[in-house]
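Student: Mind folding the following:
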Amino acid sequence: MLKAVSGAFVVVGSGCRLWLRHWPVLLSIALFALAARNGALWASVRISDLNNTAGIFTLVLAPLATVTGIVLMLYTLRRSLPAISDAAAVVAPLDPVRHRERRLLDVLASVLVPFLAVYAAYGFLEEDTDRYLNALLGEEFAQNDYFSGLAGVSNNLDRFEIGGPWVEIGVVAGAIVLRFVLAKLEGRRRWVGLAFVGAYVEALWLVAVTVRLTSYQDAAWAWAESRRGVEMFVGGWEAMLRQLGPVAGAVDAAGAWTLDLISSVDSLVVVPVAWLTVGAVVYGHQLVPPPNPPEPRILRVVPGPVRRAGTEMLGEVAERFTGLFGGLRQLAVAGLGPMIVFGLAFLASQRLEDGLRELARLLLGPRPATVWLGFAPHIDIVTRAIGLSVTMCLLAAAIERVLSHTVPVDPAAQEPVSSPS
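Tutor: Numbers count the residues shown, from 1 in each chain. A predicted model of the protein is given here:
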């Protein structure tokens, strides 16, 4: 434990030095990324006036803008850390579909999966959806005369969803196939723009899946809380407290603390591990060998051309997630220490944002609610930008420790890794 605490101080010290050295660039990137996120939210509302599906497709640009800013900040820091700089100099494996060296865009899904876990845990995904729906409801309210009492006035509810579950499944399946087709075209035509189109398609289906899973999670909690067993447990707990007499308050406080700890698993475990995975993929995707997925039995009974196309598509899908599994393996090899180190440092950076908001409140002083609402969005963006830039510096320092302990790199000895035939 003492080693983890001392390691946390090392990471915090290294992160602070990185921030002092790069803060102008980091803050500029963070502010532009957050501005692009807000711009995507505004554009999605405007476009939904014409077509609700196009509006929701535009909404996907909000998390994509944020992850782009995060990747750019991490790239800004990599030359200031020796192990990360060495990893960046390694020749990446050859992409079996595009027939060139693997790039970060090729394994974007490996970044988006842990990033969306962070995005959802922060409440940003729900915030994006709520702001989109609130803006649409406001427009519907303004465009319809609710106070005249005229019959036939109703909301255009079609603007609020892309479709039912089967429509979303079709969108996800179509996006996976389209991503594969774009990868094949890029390999043949060498059009760099296709990689960015593919990145958007990747983000589209992953965000759709994440939103659906988040709604299922909320429904699952609501279902669990409505069960008879939960009610019996609460009743039994209250009956036990009544029997404990003078120590009931202490037992109740201990129980409440335990429940708070369990409910905080996202911020204590999931978010730090997800951030570390994002950093490991961005900095270490070149170190992960290409996948060699087995051929499913169902493909062995189909005609040769279909079998070859199916096998190649499965390989391309596996390639997208190879960085994710490789990053998790790097963290596993590094052990629990770096996770605890970054977890402690990450909690400190979170308190920094809270402190900056309180400082802004003190500087502005007591204000009418309407005045404060005018300042609040700008204060949130600035404090988030500062907190995000500090988090990226701490993350880079933590990944530096992971790579220095788990991946001894000698760039001069590295050779291109050929893809499996």
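Student: From now on I want contacts and neighbour counts done on CA atoms only, so please keep to that.
Tutor: Noted.
Student: all helices for the stretch 301-421 of the chain, in order.
Tutor: Taking DSSP state H, counting those that start in this stretch as the criterion, the stretch 301-421 of the chain carries its helices at 304-334, 336-364, 369-406.
Student: Provide the angle between the direction of the last one and the direction of helix 336-364.
Tutor: With axes from the mean of the first three to the mean of the last three Cα atoms, to 10 degrees defining the directions, helix 369-406 sits at 160 degrees from helix 336-364.
Student: for helix 369-406, the distance to its chain's centre please.
Tutor: Taking the mean of its C-alpha atoms, helix 369-406 sits 14 Å from the chain's own mean (Cα atoms, centre = their mean, to the nearest Å).
Student: pLDDT averaged over it - what is it?
Tutor: For helix 369-406, the mean per-residue pLDDT is 83.
Student: Count the residues that sit near residue 236.
Tutor: Applying other Cα atoms under 10 Å, we find 12 residues neighbouring residue 236.
Student: can you check residue 104 too?
Tutor: Residues near residue 104, counting by other Cα under 10 Å: 18.
Student: Test my guess that it contacts residue 284.
Tutor: No - using Cα atoms under 8 Å, residue 104 is not in contact with residue 284; the gap is 9.8 Å.
Student: sorry, back to before: switch the helices of the stretch 301-421 of the chain over to TSV; also include mean neighbour count and distance to residue 48.
Tutor: Listed next are the helices of the stretch 301-421 of the chain as TSV, based on neighbours: other Cα atoms under 10 Å; distance: least, Cα to Cα, whole Å:
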stretch	mean neighbour count	distance to residue 48
helix 304-334	19	31
helix 336-364	17	33
helix 369-406	19	23
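Student: And those: which comes nearest residue 239?
Tutor: helix 336-364 (36.6 Å; Cα to Cα).
Student: Low-confidence bits of the stretch 1-150 of the chain, can you list those?
Tutor: For the stretch 1-150 of the chain, applying pLDDT under 70 flags the ranges 1-9, 96-97, 140, 142-150.
Student: what about the helices in it?
Tutor: Along the stretch 1-150 of the chain, the segments classed as helices by DSSP H, counting those that start in this stretch run 2-48, 52-59, 61-77, 82-88, 108-121, 124-143.
Student: Can you say which of the ones you listed is nearest to residue 242?
Tutor: Of all those, it is helix 108-121 that lies closest to residue 242, at 36.6 Å by Cα to Cα.
Student: how far is the closest one from where the chain is centred?
Tutor: Using Cα atoms, centre = their mean, the offset of helix 108-121 from its chain centre is 3 Å.
Student: other SSEs contacting that helix?
Tutor: If you count contacts as 3 or more Cα pairs under 8 Å, 6 or more residues apart in numbering; DSSP states H and E, helix 108-121 packs onto helix 61-77, helix 192-225, helix 271-284, helix 304-334.
Student: hmm, who's touching that helix?
Tutor: Residues outside helix 108-121 that contact it (Cα atoms under 8 Å, 6 or more residues apart in numbering): 63, 67, 125-126, 199, 202-203, 206-207, 210, 214, 266-267, 270-271, 274-275, 277-278, 281-282, 320-325.
Student: Quick one: low-confidence residue ranges for the stretch 201-350 of the chain.
Tutor: Ranges of the stretch 201-350 of the chain meeting pLDDT under 70: 217-218, 221, 224-227, 229-231, 237, 257, 259-268, 290-312, 315, 334-338.
Student: Please state the offset of stretch 101-113 from the chain centre?
Tutor: The answer for stretch 101-113 is 13 Å, by Cα atoms, centre = their mean.
Student: CA atoms of it as CSV?
Tutor: Once non-C-alpha atoms are left out, stretch 101-113 reads as follows in CSV (Å, rounded to 0.1, in the frame of the first residue of the first chain):
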residue,chain,number,x,y,z
GLU,A,101,0.8,-0.3,-41.2
ARG,A,102,-1.8,-0.2,-38.6
ARG,A,103,-3.0,3.3,-37.6
LEU,A,104,-5.0,4.4,-34.6
LEU,A,105,-8.0,5.1,-36.8
ASP,A,106,-8.0,1.4,-37.7
VAL,A,107,-8.5,0.4,-34.1
LEU,A,108,-10.7,3.3,-33.2
ALA,A,109,-13.3,0.9,-31.7
SER,A,110,-10.7,-0.1,-29.2
VAL,A,111,-10.6,3.5,-28.0
LEU,A,112,-14.3,4.2,-28.2
VAL,A,113,-15.4,1.2,-26.1
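Student: quick one on the thing from earlier: give me the buried entries from the contacts of helix 108-121.
Tutor: By neighbour count, with 16 or more other Cα atoms under 10 Å, the contacts of helix 108-121 hold 63, 67, 125-126, 199, 202-203, 206-207, 210, 214, 266-267, 270-271, 274-275, 277-278, 281-282, 320-325 as buried.
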